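Enquirer: attaching a predicted model along with its sequence, questions to come.
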Amino acid sequence: MKARTLDGAEIDLGKDVVAAWKARLRGPLIAPDDPGYEDSRTVWNGMIDRRPAMVARCLGVADVIACVRFAREHNLLLCVKGGGHNIAGLAVADGALMLDMSLMRGVWVEPNRRVAHAQAGCLLGDVDRETQLHGLAAVLGFISLTGVTGLTLGGGIGYLTRRWGWTADNILGMDVVTADGRLVRASGDENADLFWGLRGGGGNFGVVTGIDYELHRVGPEMVGGVVAWPASEAPKVLELYRTLAEKAPPELTLVALMRPAPAAPWLPGEWHGTPIVAMLACHTGNPDEAEKAVAPIKSFGKPIGDILMRRTYVQMQSLLDATQPKGRRYYWKSEYLPRIEPALCEKVIEHAAKIRSPHSAVILFQLAGALNELGEDHSPAGNRDARYLLNIASAWERPDDDASNIAWTRQAWNDMKRFSTGGTYINFLTEDDGAERTEAALGGALQRLAQVKARWDPQNVFRTNRNITPAGSGGLPKPPLVEVGAARRT
Ligand SMILES: Cc1cc2nc3c(=O)[nH]c(=O)nc-3n(C[C@H](O)[C@H](O)[C@H](O)COP(=O)(O)OP(=O)(O)OC[C@H]3O[C@@H](n4cnc5c(N)ncnc54)[C@H](O)[C@@H]3O)c2cc1C
């Protein structure tokens, strides 16, 4: 079996070597001709088309250790797939040994301690489903099919961020297999430097096998959903968004978006494909107070659709799933914003009018609250001045349409990035975002992250990520490598 080494060379491992190693694994080892290979190697973004040499579908920590040790013994390139949702396709590399964590989806909840232990292959919905049995929730993201580990390692935002900060701010500990094939615990008490690095520094330091989430009282019943109006109402609706968001309590998160109306059953058929403006609201506090808080949205103008109502938190967490199917072609550009300015709203309207695909959108997420109250170095997720997130999100079906959709996204981004804090969300970076964008995302944390990297992975074994490495220690040109020591944003 041919594979790629860390130096980029090709190596033939030989059948006997692979067979002996396969016998040491509990989970399946899949070669390119085996059933399941296509499913493992493909990720959410249909633009990503890479072929690992083989895929180990790990069934436990011992499998992960066996894989890392085997890779080290043969100097193999490694990649790790959680939920496979990373838009840049960081989970998959040509010629690598891929650790596919998707069979490790156990969740154990300790309601009295308000802790959930999640295995690293969990999707967000797995954790919500188990924690909501106890009226508890972890701070997770907006789409239930995203992997918890990639989301958490990059920071993590969702409907609970305003109340409790980044997902990475709400972690009690992680279990990690290090570059030398050892299982270690990372928490405030044990290997605190590693624990700090993992809460925003991505997959740079090891293979995470489990995460302990701090839980909060949420739901099960809450108020949330979407109201949509014709795009012609956008100036008034975005002004409503701007003013409501500024005074909204932390329990209420508001998201505004403009896009062609999706073919959703709650929108009348004649509107499908027609430009709309919409406001998404999620209030996780007392439902009676929540209904009062969202009343100005429900009573505004003449909506063409309204599904903002009492529902369960689990329903809310999967409300948007159908809009983001696996396999479409996706390209995003994002910026953190300090505020919503009327001039930005004008730009949102202008660029939304030029959208090239029925699936694309310009989105404003509200984040302000708990994350702004923590110190910049609390975790590398940082960006404590971020109060909103702008995402210019293109999605389309055919490769022939790549150029026009990417051009639209980049034009809108170039025109709107002057509203940015200067920071961006590392988990939303695309394949073509280079080292300067990783620097913009990690800011002043980079130097300290490089120290953690130098201690825990000096040979840069874990490099198929937003790679951080001390200058001169090598690494692959793709994905983007940040050589610490160059000029950076502080
Ligand atoms: C439709 C969609 C919606 C999203 N919504 C949100 C949202 O609401 N909030 C938010 O914060 N983000 C969101 N994201 C971004 C998301 O957080 C990132 O894409 C994240 O990387 C996804 O994690 P994953 O495990 O699915 O990714 P993968 O693609 O599997 O992995 C991403 C990176 O994490 C590494 N990694 C994964 N598992 C491990 C592990 N066990 N050990 C070490 N490294 C590992 C991989 O090697 C890779 O470098 C969304 C993305 C998509 C596509």
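Expert: Looks like it arrived, so ask away.
Enquirer: from one end of stretch 141-149 to the other, what's the distance?
Expert: 11 Å (C-alpha to C-alpha, to the nearest Å).
Enquirer: same question but for stretch 178-191, I mixed them up
Expert: Stretch 178-191 has an end-to-end distance of 12 Å (C-alpha to C-alpha).
Enquirer: and that stretch, what's buried?
Expert: By 16 or more other C-beta atoms under 10 Å, the buried positions in stretch 178-191 come out as 178, 179, 181, 183, 184, 186, 191. Backbone N, C-alpha and C define where each C-beta goes, glycine included.
Enquirer: now stretch 377-392
Expert: 378-392.
Enquirer: ok, back up a step: the buried residues of stretch 178-191 also near the ligand: which ones?
Expert: When C-beta under 6 Å from any ligand atom is taken as the criterion, no member of these contacts the ligand.
Enquirer: let's have those in a markdown table, adding pLDDT and secondary structure.
Expert: Formatted as a markdown table, the buried residues of stretch 178-191 follow (pLDDT from 0 to 100; DSSP: H, G, I helix; E, B strand; the rest coil):
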| residue | pLDDT | secondary structure |
| --- | --- | --- |
| 178 | 98 | coil |
| 179 | 97 | coil |
| 181 | 97 | coil |
| 183 | 98 | strand |
| 184 | 98 | strand |
| 186 | 98 | strand |
| 191 | 98 | coil |
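Enquirer: so residue 64, which state does it fall into?
Expert: Judged by DSSP: H, G, I helix; E, B strand; the rest coil, the three-state class of residue 64 is helix.
Enquirer: state the distance from it to the ligand.
Expert: Applying C-beta to the nearest ligand atom, to the nearest Å, the value for residue 64 to the ligand is 8 Å.
Enquirer: what's the answer for residue 412, then?
Expert: Here residue 412 is placed at a distance of 19 Å from the ligand (C-beta to the nearest ligand atom).
Enquirer: what's the answer for residue 24, then?
Expert: Residue 24 is 20 Å from the ligand, by C-beta to the nearest ligand atom.
Enquirer: related to what we said a few turns ago, pick the one among the buried residues of stretch 377-392 closest to residue 421.
Expert: Distance to residue 421, by C-beta to C-beta, is smallest for residue 385 among the buried residues of stretch 377-392, at 5.0 Å.
Enquirer: for the closest residue to the closest one other than its chain neighbours, which residues are in contact?
Expert: Spatial nearest neighbour of residue 385, excluding adjacent residues (C-beta to C-beta, 6 or more residues apart in numbering): residue 421 at 5.0 Å. Applying C-beta atoms under 8 Å, 6 or more residues apart in numbering, we find residue 421 in contact with 335, 336, 337, 338, 383, 385, 386.
Enquirer: buried set for stretch 95-109?
Expert: 95-105, 107, 109.
Enquirer: counting neighbours, what do you get for residue 319?
Expert: 18 (other C-beta atoms under 10 Å).
Enquirer: ditto for residue 130
Expert: Counted with other C-beta under 10 Å, residue 130 comes out at 19.
Enquirer: surely it touches residue 106?
Expert: No: look at residue 130 against residue 106 with C-beta atoms under 8 Å: they stay out of range, at 9.2 Å.
Enquirer: for the ligand, see how far away residue 467 is.
Expert: According to C-beta to the nearest ligand atom, residue 467 stands 9 Å off from the ligand.
Enquirer: and the strands in the stretch 101-250 of the chain?
Expert: 107-110, 115-119, 136-137, 171-177, 183-187, 207-214, 216-217, 221-230 (DSSP state E, counting those that start in this stretch).
Enquirer: what's the most buried one of those strands?
Expert: Of those, the one with the most neighbours on average (mean count of other C-beta atoms under 10 Å) is strand 136-137, at a mean of 26.
Enquirer: hmm, that strand touching the ligand?
Expert: No: if you take C-beta under 6 Å from any ligand atom as the test, strand 136-137 misses the ligand, and the best it gets is 13.8 Å.
Enquirer: what's the answer for stretch 244-254, then?
Expert: No: Stretch 244-254 stays clear of the ligand (C-beta under 6 Å from any ligand atom), getting no nearer than 11.0 Å.
Enquirer: so which residues make contact with that stretch?
Expert: The contact list for stretch 244-254, computed with C-beta under 8 Å, 6+ apart, reads 159-163, 241, 279-285, 289-290, 293-294, 296-297, 340, 365-366, 368-370, 388.
Enquirer: can you do 6 Å?
Expert: Contacts to stretch 244-254, defined as C-beta atoms under 6 Å, 6 or more residues apart in numbering, come from residues 159, 162, 163, 281, 282, 283, 284, 285, 293, 366, 369.
Enquirer: same question, stretch 36-48
Expert: Here stretch 36-48 makes contact (C-beta under 6 Å, 6+ apart) with 30, 52, 55, 84-85, 87, 89, 91-92, 100, 326-330.
Enquirer: ok, residue 441 touching residue 427?
Expert: No: Residue 441 is not in contact with residue 427 according to C-beta atoms under 6 Å; the separation is 8.6 Å.
Enquirer: the two: who's more crowded?
Expert: Each of residue 441 and residue 427 has its neighbours counted (other C-beta under 10 Å); residue 441 has more, 30 against 27.
Enquirer: how long is stretch 162-181 end to end?
Expert: End-to-end distance of stretch 162-181: 38 Å, with C-alpha to C-alpha as the criterion.
Enquirer: any idea how far it is from the chain center?
Expert: 14 Å (C-alpha atoms, centre = their mean, to the nearest Å).
Enquirer: ok, residues contacting it?
Expert: 64-65, 68-69, 139, 152, 155-156, 183-184, 186-187, 198-200, 206-212, 214, 216, 250, 253, 369-371, 379, 381, 456-457, 461.
Enquirer: what residues does the protein have near the ligand?
Expert: So the chain meets the ligand at 43-44, 79-87, 90-91, 101, 120, 141-143, 146-147, 149-151, 153-154, 156-158, 202-203, 207-208, 324, 427, 464-465 (C-beta under 6 Å from any ligand atom).
Enquirer: at 5 Å instead, please
Expert: 44, 80-86, 90-91, 101, 120, 141-143, 146-147, 149-151, 156-157, 203, 207-208, 324, 427, 465 (C-beta under 5 Å from any ligand atom).
Enquirer: could you list which of these belong to helices?
Expert: Among the residues of the chain next to the ligand, the members falling in helices (DSSP state H) are 149, 150, 151.
Enquirer: burial of residue 152, as a residue count?
Expert: Neighbours around residue 152, by other C-beta under 10 Å: 31.
Enquirer: check the one 10 residues further on too.
Expert: Other residues within reach of residue 162, judged by other C-beta under 10 Å, total 27.
Enquirer: also residue 343?
Expert: So residue 343, with other C-beta under 10 Å, has 10 neighbours.
Enquirer: name the SS class of it, please.
Expert: What three-state DSSP gives for residue 343 is helix.
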